[in-house]
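[1] Structure here, sequence nowhere to be found:
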(Lines give C-alpha, C1' and ligand atoms only; values in the text may rest on other atoms or scores of the structure.)
Protein backbone atom coordinates (compact mmCIF):
# COMPACT_ATOMS: atom_id res chain seq x y z
CA UNK A 1 0.00 0.00 0.00
CA UNK A 2 0.93 3.62 -0.44
CA UNK A 3 0.12 5.32 2.85
CA UNK A 4 0.36 9.05 3.48
CA UNK A 5 0.89 10.31 7.04
CA UNK A 6 -0.03 13.91 7.89
CA UNK A 7 0.91 15.38 11.25
CA UNK A 8 1.40 18.56 13.24
CA UNK A 9 4.83 19.81 14.38
CA UNK A 10 4.80 18.45 17.92
CA UNK A 11 6.92 15.67 19.43
CA UNK A 12 3.93 14.42 21.41
CA UNK A 13 2.07 13.85 18.15
CA UNK A 14 4.96 12.54 16.06
CA UNK A 15 6.76 10.20 18.49
CA UNK A 16 3.87 7.69 18.85
CA UNK A 17 3.80 7.24 15.07
CA UNK A 18 7.50 6.48 14.54
CA UNK A 19 7.49 2.85 15.65
CA UNK A 20 4.25 2.32 13.70
CA UNK A 21 5.80 3.76 10.54
CA UNK A 22 8.90 1.60 10.98
CA UNK A 23 6.70 -1.50 11.32
CA UNK A 24 4.66 -0.63 8.24
CA UNK A 25 7.82 0.03 6.25
CA UNK A 26 9.23 -3.33 7.34
CA UNK A 27 6.05 -4.99 6.07
CA UNK A 28 6.69 -3.53 2.63
CA UNK A 29 4.41 -0.50 2.54
CA UNK A 30 5.40 2.82 0.96
CA UNK A 31 5.06 5.57 3.55
CA UNK A 32 5.13 9.28 2.67
CA UNK A 33 5.15 11.49 5.78
CA UNK A 34 4.46 15.25 5.76
CA UNK A 35 5.50 17.60 8.54
CA UNK A 36 7.77 20.52 9.36
CA UNK A 37 11.34 20.08 8.14
CA UNK A 38 12.67 19.96 11.73
CA UNK A 39 11.12 16.48 12.06
CA UNK A 40 12.77 15.15 8.91
CA UNK A 41 15.58 13.22 10.63
CA UNK A 42 13.41 11.26 13.07
CA UNK A 43 10.79 10.52 10.41
CA UNK A 44 13.39 9.37 7.88
CA UNK A 45 14.99 7.18 10.56
CA UNK A 46 11.66 5.35 10.85
CA UNK A 47 11.89 4.46 7.16
CA UNK A 48 9.33 6.87 5.74
CA UNK A 49 9.85 9.17 2.79
CA UNK A 50 9.76 12.62 4.38
CA UNK A 51 8.21 15.62 2.66
CA UNK A 52 7.98 19.12 4.14
CA UNK A 53 4.85 21.19 4.21
CA UNK A 54 4.96 24.18 1.83
CA UNK A 55 6.40 27.42 3.16
CA UNK A 56 5.58 29.08 5.43
CA UNK A 57 5.47 25.77 7.28
CA UNK A 58 3.51 25.30 10.51
CA UNK A 59 6.14 25.26 13.25
CA UNK A 60 6.63 23.64 16.62
CA UNK A 61 7.23 27.08 18.13
CA UNK A 62 3.90 28.39 16.85
CA UNK A 63 2.04 25.35 18.16
CA UNK A 64 3.82 25.60 21.53
CA UNK A 65 2.92 29.27 21.82
CA UNK A 66 -0.78 28.40 21.58
CA UNK A 67 -0.64 25.19 23.63
CA UNK A 68 -1.84 26.68 26.91
CA UNK A 69 -5.13 27.82 25.33
CA UNK A 70 -7.39 25.28 23.65
CA UNK A 71 -9.41 28.01 21.85
CA UNK A 72 -6.22 29.61 20.49
CA UNK A 73 -4.91 26.23 19.33
CA UNK A 74 -8.21 25.64 17.54
CA UNK A 75 -7.97 28.99 15.75
CA UNK A 76 -4.37 28.27 14.72
CA UNK A 77 -5.32 24.86 13.33
CA UNK A 78 -8.21 26.36 11.34
CA UNK A 79 -5.83 28.97 9.94
CA UNK A 80 -3.36 26.27 8.94
CA UNK A 81 -6.12 24.30 7.25
CA UNK A 82 -7.21 27.40 5.36
CA UNK A 83 -3.70 27.65 3.92
CA UNK A 84 -2.71 23.98 3.54
CA UNK A 85 -5.93 22.37 2.33
CA UNK A 86 -5.76 23.58 -1.32
CA UNK A 87 -2.16 22.38 -1.58
CA UNK A 88 -2.97 19.04 0.08
CA UNK A 89 -5.94 18.32 -2.17
CA UNK A 90 -3.69 18.70 -5.20
CA UNK A 91 -0.92 16.65 -3.55
CA UNK A 92 -3.28 13.77 -2.82
CA UNK A 93 -4.68 13.90 -6.35
CA UNK A 94 -1.17 13.46 -7.68
CA UNK A 95 -0.10 10.73 -5.24
CA UNK A 96 -3.38 8.77 -5.25
CA UNK A 97 -2.65 6.97 -1.95
CA UNK A 98 -4.46 3.87 -0.76
CA UNK A 99 -4.83 5.28 2.74
CA UNK A 100 -4.34 8.55 4.63
CA UNK A 101 -3.31 8.59 8.29
CA UNK A 102 -3.72 11.94 10.03
CA UNK A 103 -3.24 13.17 13.58
CA UNK A 104 -6.44 13.92 15.48
CA UNK A 105 -5.70 17.67 15.45
CA UNK A 106 -4.38 17.69 11.86
CA UNK A 107 -7.56 19.23 10.50
CA UNK A 108 -6.33 19.62 6.91
CA UNK A 109 -5.53 15.90 6.77
CA UNK A 110 -9.01 14.85 7.86
CA UNK A 111 -10.67 17.36 5.57
CA UNK A 112 -8.69 16.40 2.48
CA UNK A 113 -9.22 12.67 2.99
CA UNK A 114 -12.94 13.21 3.48
CA UNK A 115 -13.39 15.56 0.51
CA UNK A 116 -11.53 13.14 -1.78
CA UNK A 117 -13.19 10.00 -0.36
CA UNK A 118 -9.83 8.45 0.53
CA UNK A 119 -10.02 5.81 3.29
CA UNK A 120 -8.57 7.31 6.45
CA UNK A 121 -7.13 6.44 9.84
CA UNK A 122 -6.93 8.94 12.69
CA UNK A 123 -3.88 8.80 14.96
CA UNK A 124 -5.16 9.86 18.40
CA UNK A 125 -2.34 10.63 20.82
CA UNK A 126 -4.58 11.90 23.64
CA UNK A 127 -7.53 10.58 25.58
CA UNK A 128 -10.83 10.73 23.71
CA UNK A 129 -12.54 13.35 25.89
CA UNK A 130 -15.57 14.04 23.69
CA UNK A 131 -18.63 13.03 25.70
CA UNK A 132 -16.72 12.27 28.90
CA UNK A 133 -18.69 13.50 31.91
CA UNK A 134 -16.98 15.62 34.54
CA UNK A 135 -13.92 16.45 32.45
CA UNK A 136 -13.90 20.09 33.54
CA UNK A 137 -14.27 21.65 36.97
CA UNK A 138 -15.98 25.00 37.33
CA UNK A 139 -12.54 26.59 37.68
CA UNK A 140 -11.49 25.00 34.38
CA UNK A 141 -14.67 26.29 32.78
CA UNK A 142 -14.06 29.86 33.90
CA UNK A 143 -10.49 29.80 32.60
CA UNK A 144 -11.61 28.28 29.30
CA UNK A 145 -14.38 30.86 28.91
CA UNK A 146 -11.89 33.67 29.44
CA UNK A 147 -9.64 32.29 26.72
CA UNK A 148 -12.56 31.78 24.35
CA UNK A 149 -13.73 35.41 24.45
CA UNK A 150 -10.94 36.66 22.19
CA UNK A 151 -10.64 33.47 20.11
CA UNK A 152 -14.30 32.86 19.28
CA UNK A 153 -14.79 35.52 16.56
CA UNK A 154 -11.72 34.31 14.66
CA UNK A 155 -12.75 30.68 15.08
CA UNK A 156 -16.20 31.38 13.65
CA UNK A 157 -14.74 33.41 10.79
CA UNK A 158 -12.23 30.73 9.81
CA UNK A 159 -14.86 28.01 9.92
CA UNK A 160 -17.26 30.00 7.74
CA UNK A 161 -14.56 30.73 5.20
CA UNK A 162 -13.72 27.04 4.85
CA UNK A 163 -17.40 26.20 4.40
CA UNK A 164 -17.78 28.92 1.74
CA UNK A 165 -14.82 27.49 -0.17
CA UNK A 166 -15.46 23.76 0.09
CA UNK A 167 -19.07 23.40 1.24
CA UNK A 168 -20.41 22.03 4.51
CA UNK A 169 -18.76 18.65 3.86
CA UNK A 170 -15.43 20.21 4.85
CA UNK A 171 -16.66 19.66 8.43
CA UNK A 172 -18.15 16.16 8.27
CA UNK A 173 -18.88 15.97 12.00
CA UNK A 174 -20.70 18.20 14.47
CA UNK A 175 -17.44 18.55 16.42
CA UNK A 176 -14.15 19.75 14.96
CA UNK A 177 -11.76 18.01 17.34
CA UNK A 178 -10.82 15.28 17.66
CA UNK A 179 -10.53 14.79 13.92
CA UNK A 180 -11.67 11.22 13.34
CA UNK A 181 -11.36 8.90 10.38
CA UNK A 182 -13.00 5.75 9.05
CA UNK A 183 -10.70 3.95 11.50
CA UNK A 184 -9.31 5.46 14.70
CA UNK A 185 -6.15 4.43 16.56
CA UNK A 186 -5.86 5.50 20.21
CA UNK A 187 -2.46 5.10 21.89
CA UNK A 188 -3.76 4.03 25.28
CA UNK A 189 -5.63 1.02 26.60
CA UNK A 190 -9.40 0.73 26.80
CA UNK A 191 -9.02 0.25 30.56
CA UNK A 192 -7.28 3.61 31.00
CA UNK A 193 -9.54 5.57 28.62
CA UNK A 194 -12.32 7.52 30.42
CA UNK A 195 -15.83 6.29 29.68
CA UNK A 196 -17.73 8.00 26.87
CA UNK A 197 -20.53 7.07 24.47
CA UNK A 198 -18.58 8.83 21.73
CA UNK A 199 -16.43 5.72 21.26
CA UNK A 200 -17.74 3.18 18.75
CA UNK A 201 -16.41 0.17 16.86
CA UNK A 202 -14.18 2.34 14.68
CA UNK A 203 -11.95 3.09 17.70
CA UNK A 204 -9.08 0.71 18.45
CA UNK A 205 -7.07 1.09 21.65
CA UNK A 206 -3.56 -0.12 20.84
CA UNK A 207 -1.62 1.18 23.84
CA UNK A 208 1.56 3.26 23.67
CA UNK A 209 3.71 2.90 20.55
CA UNK A 210 7.11 2.27 22.12
CA UNK A 211 10.33 1.20 20.41
CA UNK A 212 13.71 2.57 21.52
CA UNK A 213 15.19 1.83 18.08
CA UNK A 214 13.29 4.71 16.46
CA UNK A 215 14.00 7.27 19.18
CA UNK A 216 16.88 9.71 19.15
CA UNK A 217 19.85 8.33 21.14
CA UNK A 218 21.47 10.37 23.89
CA UNK A 219 24.60 9.98 25.95
CA UNK A 220 23.95 9.54 29.65
CA UNK A 221 26.24 9.02 32.68
CA UNK A 222 24.80 5.68 33.75
CA UNK A 223 27.76 5.16 36.09
CA UNK A 224 26.55 8.07 38.24
CA UNK A 225 23.33 6.31 39.22
CA UNK A 226 23.62 5.21 42.84
CA UNK A 227 22.46 1.86 44.15
CA UNK A 228 20.62 1.60 47.43
CA UNK A 229 18.47 4.73 47.12
CA UNK A 230 15.30 5.52 45.15
CA UNK A 231 15.79 6.98 41.68
CA UNK A 232 13.33 9.64 40.49
CA UNK A 233 13.05 11.13 37.01
CA UNK A 234 11.80 14.71 36.51
CA UNK A 235 10.81 16.19 33.14
CA UNK A 236 8.44 18.88 31.89
CA UNK A 237 8.50 17.57 28.31
CA UNK A 238 9.38 19.34 25.07
CA UNK A 239 7.04 22.36 25.23
CA UNK A 240 7.20 23.41 28.90
CA UNK A 241 10.86 22.64 29.51
CA UNK A 242 11.80 26.32 29.93
CA UNK A 243 10.48 26.55 33.49
CA UNK A 244 13.65 27.63 35.29
CA UNK A 245 11.69 28.78 38.34
CA UNK A 246 10.13 25.32 38.69
CA UNK A 247 13.52 23.63 38.47
CA UNK A 248 14.97 25.94 41.14
CA UNK A 249 11.97 25.22 43.35
CA UNK A 250 12.51 21.48 42.84
CA UNK A 251 16.20 21.84 43.75
CA UNK A 252 15.32 23.61 46.99
CA UNK A 253 12.46 21.26 47.89
CA UNK A 254 14.23 18.00 47.06
CA UNK A 255 17.88 18.67 47.93
CA UNK A 256 17.48 16.91 51.28
CA UNK A 257 15.26 14.10 49.97
CA UNK A 258 16.82 10.64 50.27
CA UNK A 259 16.20 9.88 46.57
CA UNK A 260 18.52 10.55 43.66
CA UNK A 261 17.05 12.68 40.86
CA UNK A 262 17.56 12.91 37.11
CA UNK A 263 16.28 16.16 35.58
CA UNK A 264 15.76 16.52 31.82
CA UNK A 265 15.86 20.31 31.55
CA UNK A 266 15.15 20.67 27.82
CA UNK A 267 17.38 21.33 24.84
CA UNK A 268 17.05 25.11 24.97
CA UNK A 269 17.68 25.47 28.70
CA UNK A 270 21.00 26.97 29.77
CA UNK A 271 21.73 24.76 32.76
CA UNK A 272 24.27 27.24 34.13
CA UNK A 273 21.43 29.72 34.76
CA UNK A 274 19.62 27.35 37.12
CA UNK A 275 21.95 28.07 40.00
CA UNK A 276 23.66 25.53 42.27
CA UNK A 277 22.64 21.95 41.51
CA UNK A 278 22.12 19.76 44.61
CA UNK A 279 24.38 16.75 45.04
CA UNK A 280 21.46 14.36 44.60
CA UNK A 281 20.61 15.71 41.11
CA UNK A 282 21.90 14.75 37.67
CA UNK A 283 20.85 17.47 35.22
CA UNK A 284 21.02 17.09 31.45
CA UNK A 285 19.41 18.94 28.55
CA UNK A 286 18.18 15.68 27.03
CA UNK A 287 18.08 12.13 28.34
CA UNK A 288 17.16 8.76 26.75
CA UNK A 289 13.76 8.61 28.43
CA UNK A 290 12.75 5.13 27.28
CA UNK A 291 16.02 3.68 28.58
CA UNK A 292 15.91 5.57 31.86
CA UNK A 293 12.30 4.93 32.87
CA UNK A 294 12.69 1.17 33.52
CA UNK A 295 15.36 2.03 36.13
CA UNK A 296 13.48 4.67 38.11
CA UNK A 297 11.15 4.31 41.10
CA UNK A 298 8.91 7.32 40.32
CA UNK A 299 8.39 9.96 37.65
CA UNK A 300 7.63 13.65 38.25
CA UNK A 301 6.03 14.84 35.01
CA UNK A 302 4.05 17.66 33.42
CA UNK A 303 1.39 15.20 32.31
CA UNK A 304 1.82 15.15 28.57
CA UNK A 305 0.19 12.02 27.19
CA UNK A 306 3.46 10.58 25.88
CA UNK A 307 5.17 11.01 29.24
CA UNK A 308 2.26 9.54 31.17
CA UNK A 309 1.99 6.60 28.79
CA UNK A 310 5.71 5.87 28.90
CA UNK A 311 5.93 6.15 32.68
CA UNK A 312 2.94 3.86 33.23
CA UNK A 313 4.06 1.45 30.50
CA UNK A 314 7.03 0.68 32.75
CA UNK A 315 4.85 0.57 35.86
CA UNK A 316 6.18 3.74 37.48
CA UNK A 317 4.00 5.79 39.89
CA UNK A 318 3.65 9.43 38.90
CA UNK A 319 3.59 12.85 40.49
CA UNK A 320 1.91 15.04 37.85
CA UNK A 321 2.24 18.83 37.81
CA UNK A 322 0.20 19.85 34.71
CA UNK A 323 1.02 23.09 32.90
CA UNK A 324 -2.22 23.42 30.92
CA UNK A 325 -5.74 22.04 30.67
CA UNK A 326 -5.14 18.97 28.49
CA UNK A 327 -2.36 17.83 30.81
CA UNK A 328 -4.67 18.46 33.76
CA UNK A 329 -7.24 16.08 32.29
CA UNK A 330 -4.50 13.47 31.86
CA UNK A 331 -3.28 14.01 35.42
CA UNK A 332 -6.73 13.58 36.92
CA UNK A 333 -7.17 10.30 35.07
CA UNK A 334 -3.88 9.08 36.55
CA UNK A 335 -5.15 9.99 40.01
CA UNK A 336 -8.53 8.30 39.39
CA UNK A 337 -6.68 5.13 38.43
CA UNK A 338 -4.68 5.31 41.67
CA UNK A 339 -1.35 5.43 39.80
CA UNK A 340 -0.19 8.81 41.01
CA UNK A 341 -0.85 12.17 42.62
CA UNK A 342 -1.76 15.38 40.81
CA UNK A 343 -0.55 18.78 42.03
CA UNK A 344 -1.40 22.24 40.73
CA UNK A 345 -4.46 21.24 38.73
CA UNK A 346 -6.36 24.49 39.26
CA UNK A 347 -5.89 27.55 37.04
CA UNK A 348 -3.27 28.89 36.70
CA UNK A 349 -2.07 25.33 36.21
CA UNK A 350 1.27 24.15 37.55
CA UNK A 351 1.47 26.55 40.48
CA UNK A 352 2.36 24.63 43.65
CA UNK A 353 3.95 25.22 47.04
CA UNK A 354 7.46 23.85 47.37
CA UNK A 355 6.57 21.53 50.25
CA UNK A 356 3.88 19.80 48.17
CA UNK A 357 6.43 18.17 45.88
CA UNK A 358 8.50 16.17 48.41
CA UNK A 359 5.33 15.23 50.30
CA UNK A 360 3.63 13.81 47.20
CA UNK A 361 6.81 12.08 46.09
CA UNK A 362 7.25 10.38 49.45
CA UNK A 363 3.65 9.18 49.23
CA UNK A 364 4.01 7.52 45.84
CA UNK A 365 7.35 5.98 46.81
CA UNK A 366 6.22 4.56 50.14
CA UNK A 367 2.60 3.55 49.45
CA UNK A 368 2.85 0.38 47.38
CA UNK A 369 -0.68 0.87 46.04
CA UNK A 370 0.50 3.58 43.64
CA UNK A 371 3.10 1.30 42.13
CA UNK A 372 0.63 -1.60 41.92
CA UNK A 373 -1.91 0.58 40.09
CA UNK A 374 0.79 1.83 37.71
CA UNK A 375 1.90 -1.72 37.00
CA UNK A 376 -1.70 -2.77 36.30
CA UNK A 377 -2.08 0.03 33.76
CA UNK A 378 1.27 -0.90 32.23
CA UNK A 379 0.06 -4.47 31.86
CA UNK A 380 -3.08 -3.23 30.07
CA UNK A 381 -0.85 -1.19 27.76
CA UNK A 382 1.28 -4.16 26.80
CA UNK A 383 -1.82 -6.29 26.31
CA UNK A 384 -3.24 -3.74 23.87
CA UNK A 385 -0.65 -4.72 21.26
CA UNK A 386 1.24 -1.47 20.61
CA UNK A 387 2.58 -0.48 17.21
CA UNK A 388 2.37 -4.02 15.79
CA UNK A 389 -1.37 -4.21 16.42
CA UNK A 390 -1.72 -0.66 15.08
CA UNK A 391 -0.02 -1.82 11.89
CA UNK A 392 -2.39 -4.80 11.68
CA UNK A 393 -5.37 -2.46 11.95
CA UNK A 394 -4.01 -0.14 9.25
CA UNK A 395 -3.46 -3.11 6.95
CA UNK A 396 -7.03 -4.28 7.58
CA UNK A 397 -8.27 -0.77 6.78
CA UNK A 398 -6.36 -0.98 3.51
CA UNK A 399 -7.87 -4.37 2.68
CA UNK A 400 -11.35 -2.99 3.37
CA UNK A 401 -10.55 -0.08 1.06
CA UNK A 402 -9.56 -2.47 -1.71
CA UNK A 403 -12.72 -4.50 -1.32
CA UNK A 404 -14.94 -1.42 -1.54
CA UNK A 405 -13.01 0.10 -4.44
CA UNK A 406 -12.01 3.32 -2.71
CA UNK A 407 -11.10 6.11 -5.09
CA UNK A 408 -10.41 9.82 -5.19
CA UNK A 409 -13.53 11.88 -5.50
CA UNK A 410 -13.80 14.79 -7.90
CA UNK A 411 -14.18 18.22 -6.37
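    In hand now; what should we look at? Worth saying up front: this structure is predicted, and the values here are computed from it rather than measured.
[2] what about stretch 281-293, start to end distance?
    Using CA to CA, to the nearest Å, one end of stretch 281-293 lies 16 Å from the other.
[3] in that stretch, what counts as buried?
    Buried positions in stretch 281-293, judged by neighbour count with 16 or more other CB atoms under 10 Å: 281, 282, 283, 284, 286, 287, 288, 289, 290, 292, 293. Every C-beta, even on glycine, is put in place using the N, C-alpha and C of the backbone.
[4] ok, now which ones touch residue 17?
    For residue 17, the contacting residues are 5, 7, 46, 101, 103, 123, 209, taking CB atoms under 8 Å, 6 or more residues apart in numbering as the criterion.
[5] In what element of secondary structure is it found?
    Taking DSSP states H and E as the criterion, the element that holds residue 17 is helix 11-26.
[6] What's the first helix or strand after that helix?
    Towards the C-terminus, the helix or strand next in line after helix 11-26, according to DSSP H and E, is strand 30-35.
[7] list the helices and strands the next helix or strand after that following strand packs on?
    Towards the C-terminus, the helix or strand next in line after strand 30-35, according to DSSP H and E, is helix 40-45. In this structure, helix 40-45 packs against helix 11-26, strand 49-52, with contacts taken as 3 or more CB pairs under 8 Å, 6 or more residues apart in numbering; DSSP states H and E.
[8] Please repeat the previous calculation with a cut-off of 10 Å.
    helix 11-26, strand 30-35, strand 49-52 (3 or more CB pairs under 10 Å, 6 or more residues apart in numbering; DSSP states H and E).
[9] And the helices in the stretch 51-200 of the chain, which stretches?
    Listed in chain order, the helices found in the stretch 51-200 of the chain under DSSP state H, counting those that start in this stretch are 60-66, 70-95, 107-115, 138-166.
[10] mind checking which helix or strand the nearest residue to residue 26 once chain neighbours are set aside is in?
    Residue nearest to residue 26 in three dimensions, not counting chain neighbours: residue 47, with 7.3 Å by CB to CB, 6 or more residues apart in numbering. Assessed by DSSP H and E, residue 47 sits outside every helix and strand.
[11] Residue 47 reaches residue 18, doesn't it?
    Yes: in this structure, residue 47 sits in contact with residue 18. The criterion is CB atoms under 10 Å, and the distance is 9.3 Å.
[12] Quick check: neighbours shared by these two?
    Any residue near both residue 47 and residue 18 by CB atoms under 10 Å, 6 or more residues apart in numbering counts here, and that gives 33, 214.
[13] Figure out which of the helices and strands packed on helix 40-45 is closest to residue 251.
    Smallest distance to residue 251 across those (CB to CB): 25.4 Å, for helix 11-26.
[14] quick one: buried residues of that closest one?
    For helix 11-26, burial by neighbour count (16+ other CB under 10 Å) applies to 11-25.
[15] Need the max-distance pair from those residues.
    Using CB to CB, these span at most 22.0 Å, a distance reached by 12 and 25.
[16] what sits against the nearest residue to residue 159 once chain neighbours are set aside?
    By the measure of CB to CB, 6+ apart, the closest residue to residue 159 outside its immediate chain neighbours is residue 78, 6.3 Å from it. The contact partners of residue 78, taken as CB under 10 Å, 6+ apart, are 107, 108, 154, 155, 156, 157, 158, 159, 161, 162, 176.
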